[in-house]
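>>> fold the following.
(one chain, ligands or ions: 2)
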Amino acid sequence: MSADNKFASTSLEEIDQIHASLRQGFKSGKLKSIAYRKVQILQLGYLLQDNVRRFKDAFAVDLGRPALESAFLELDSTIGDCKVAYDRVEKWAKTEKAPFNLNFFAFGPVVRNEPKGVVPNISPFNYPVWTAIGPIIGAIAAGNCVVLKPSELSANVSGLIAELVPKYMDPDAMRVVMGGIAETTKLLELPWDHILYTGGGRVARIISAAAAKTLSPITLELGGKSPVVIDPKCDLTTAARRILWGKAVNAGQTCIAPDYVLVPRDFEEKFVDALKAAHAEFYPKGALNSSDISTIISAGHFSRIKGLLDKTEGEIVFGGETDESRKFIAPTVVKGVKETDSLMSEELFGPILPVMPVENVDAAIEYINKKDHPLSLYVFSQDAAFKSKVFDNTQSGSAIANDVIIHGGADGLPFGGTGPSGSGYHHGKYSFDEFTHLRASLDSPSWIDKILGSRYPPYTSKKENFLTKNLGVRLPARPSPSQLNVHAKS
Ligand SMILES: NC(=O)C1=CN([C@@H]2O[C@H](COP(=O)(O)OP(=O)(O)OC[C@H]3O[C@@H](n4cnc5c(N)ncnc54)[C@H](O)[C@@H]3O)[C@@H](O)[C@H]2O)C=CC1
Ligand SMILES: CC1=C(/C=C/C(C)=C/C=C/C(C)=C/C=C/C=C(C)/C=C/C=C(C)/C=C/C=C(\C)C(=O)O)C(C)(C)CCC1
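Numbers count the residues shown, from 1 in each chain. Ligands and ions are numbered 1, 2, ... in the order given. Below is the predicted model:
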């Protein structure tokens, strides 16, 4: 497989020019027109649709990705997101009436959905279209100008995006900055109206510190270890297929991949047997001979993941094969893993699935709560009470029962973490909202002073009494002692 794009970094001087020219583009007022935004959104859709073959080839070069994975998870879903935004942008952008309030009724209070301005999207290698183009659809729908800084690691996909953006998009609305640390550092020296960063926590700290210097608001889409909690009362065959698929797809380089599994000790063998059966079904000629497995993005990530596997004290159930020459790691399940294991020390971001036996669901919840809030939390169970127990007693970016990863494509759901797994959301309307300034607006009639004239000096107790009597709020009845007690205890 070859891709014909060379990675060429943007010069630091050009980054200044791009910043200035996008500011001009925003000032031109073009993006105030919803019709214009729709044209740009449609162009993003066609940028992908016209070049599906080239994108699939570029994914194959960067990530050894099978075409089906690229189509299902990234290309079709991002094109679908363009269609959703195209169809709904008028509704999203409408000025909204404030809820009825007698005091303010005469002022006609409204919320104007306005663009923030010029916004960069700094995106990672693992889903280099969905994380790069996906949020931009919402940013443009909201009327912003966008600069995209795709990952230097997924060089071929990023190069293809850089080639196509000038052909499809108005340069007043969207530009691309290519590069790595130096270029991103330069980009971050400039003031922006909102920064979206997707990637790891270490770099997120650098980005946040830089954004603080220019007081640029920021959304962080980060990662972490997303747990799976297994209830013996689950549909075991389906659970095993879905978990193994979620771990193997994109070679585990998915921030919402199931990172590790917590399973009751006396159910571990049965669960692992089901994973073995799923593995035999997915890769009948063995993983090494399968063309349906992605590879690891870089030599550095390959040796990091292999290093963690080499140090495990758990028992490899299947997998474990690696091929450094093509950065290949076979989907691997490791059982009997303990809290102190290398595989539990950091987000794996690779196709290794540690299975950690626990006594019961309470122990699983306790373990999850000792760790950073994960990006996703998965439960496999057919028992509503079990699912509620896990979801109600934990925190995570998303709470998913009986499937993995596909919520990333679900229309109407926000995509985002909480605490160390991120802050802010994107996808669909949530991308629109993230890049929208809610501009409070009202128009005060002169006649209202006949009622509100008491607000003006000279202040008198008569005026104060009038305002308190007429505008003061009457709270609902005070909580009873028994209500206070219940709240203090719970
Ligand atoms: N929550 C989400 O939506 C997603 C989160 N992730 C997380 O991203 C991580 C893996 O992605 P990577 O591409 O390795 O992340 P990364 O943080 O290394 O790189 C992401 C971006 O930051 C830039 N960058 C890297 N080092 C920088 C520095 N020192 N200063 C300024 N910019 C810098 C890169 O050029 C790239 O554009 C994982 O932790 C994963 O969980 C990945 C995809 C989606
Ligand atoms: C086939 C017919 C029918 C039924 C259709 C059905 C039931 C369709 C269901 C489709 C679903 C559930 C699609 C799900 C798609 C999920 C996607 C695209 C997930 C994407 C995830 C992404 C991009 C994750 C990103 C993760 C990142 C960035 C990360 O973690 O790092 C009918 C309708 C019944 C009849 C006609 C035929």
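>>> which residue sits closest to the residue of the stretch 201-350 of the chain found nearest ligand 1 in space, ignoring its chain neighbours?
For the stretch 201-350 of the chain, the residue closest to ligand 1 is Gly223, as judged by CB to the nearest ligand atom, at 1.9 Å. Backbone N, C-alpha and C define where each C-beta goes, glycine included. Leaving aside its chain neighbours, Gly223 sits nearest to Cys255 (4.3 Å; criterion: CB to CB, 6 or more residues apart in numbering).
>>> residue contacts, that neighbour?
Contacts for Cys255 (CB atoms under 8 Å, 6 or more residues apart in numbering) come out as 126, 198, 221-224, 226, 347, 349, 375.
>>> you'd agree it is in a helix?
No. Assignment of Cys255 by DSSP: H, G, I helix; E, B strand; the rest coil gives coil, placing it outside any helix.
>>> quick one: contacts for Arg65?
Taking CB under 8 Å, 6+ apart as the test, what Arg65 contacts is 56, 59, 250, 294.
>>> in a markdown table, list those residues along with distance to Pro420 and secondary structure.
Listed next are the contacts of Arg65 as a markdown table, based on distance: CB to CB, whole Å; DSSP: H, G, I helix; E, B strand; the rest coil:
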| residue | distance to Pro420 | secondary structure |
| --- | --- | --- |
| Lys56 | 34 | helix |
| Phe59 | 29 | helix |
| Asn250 | 22 | helix |
| Ser294 | 26 | coil |
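>>> could you redo those residues as CSV and give each row distance to Val119 and pLDDT?
Rendered in CSV, the data for those read as follows (distance: CB to CB, whole Å; pLDDT from 0 to 100):
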residue, distance to Val119, pLDDT
Lys56, 29, 98
Phe59, 26, 98
Asn250, 27, 98
Ser294, 30, 98
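>>> between these, which is nearest ligand 2?
Asn250 (7.9 Å).
>>> these two touch, right, that closest one and Asn126?
Yes. Counting by CB atoms under 8 Å, Asn126 is a contact partner of Asn250 at 6.3 Å.
>>> about what we covered before: need the max-distance pair from the contacts of Cys255.
Spatially, the most separated pair among the contacts of Cys255 is Thr198 and Ser226, at 15.5 Å (CB to CB).
>>> and the residue of the stretch 1-150 of the chain found nearest ligand 1, how far from ligand 2?
Here the residue of the stretch 1-150 of the chain nearest ligand 1 is Pro124; by CB to the nearest ligand atom that distance is 3.1 Å. Per CB to the nearest ligand atom, to the nearest Å, Pro124 is found 7 Å from ligand 2.
>>> setting aside sequence neighbours, what's the nearest residue to that residue?
Nearest to Pro124 is Gly199, by CB to CB, 6+ apart, at 4.6 Å.
>>> so Leu288 makes contact with Arg326?
No. Under the criterion of CB under 8 Å, Leu288 is not in contact with Arg326, lying 10.5 Å apart.
>>> these two: which has the busier surroundings?
Neighbour count, other CB atoms under 10 Å: between Leu288 and Arg326, Leu288 has more, with 13 against 10.
>>> contacting residues for that one?
Leu288 touches 321, 323, 328, 330, counting by CB under 8 Å, 6+ apart.
>>> what's the first one sitting at in phi/psi?
Spelled out, it's Glu321. Backbone torsions of Glu321, given as degrees, to the nearest 10, read phi -80, psi 140.
>>> pretty sure it is touching Pro331, no?
No. Glu321 lies out of contact with Pro331 (CB under 8 Å); the separation is 9.7 Å.
>>> any shared contact partners between these two?
Ala287.
>>> so for those two, which residue has more residues nearby?
More crowded of Glu321 and Pro331, by other CB under 10 Å: Pro331, with 27 against 14.
>>> go ahead and confirm the more buried one touches Gly286.
No. Between Pro331 and Gly286 there is no contact under CB under 8 Å: 10.9 Å.
>>> do you know the pLDDT at Ala204?
As predicted, Ala204 sits at a pLDDT of 98.
>>> and for Asn5?
60.
>>> near ligand 1, which residues of the stretch 101-250 of the chain?
122-126, 131, 149, 151-153, 180-181, 184-185, 198-200, 203, 206, 221-223 (CB under 6 Å from any ligand atom).
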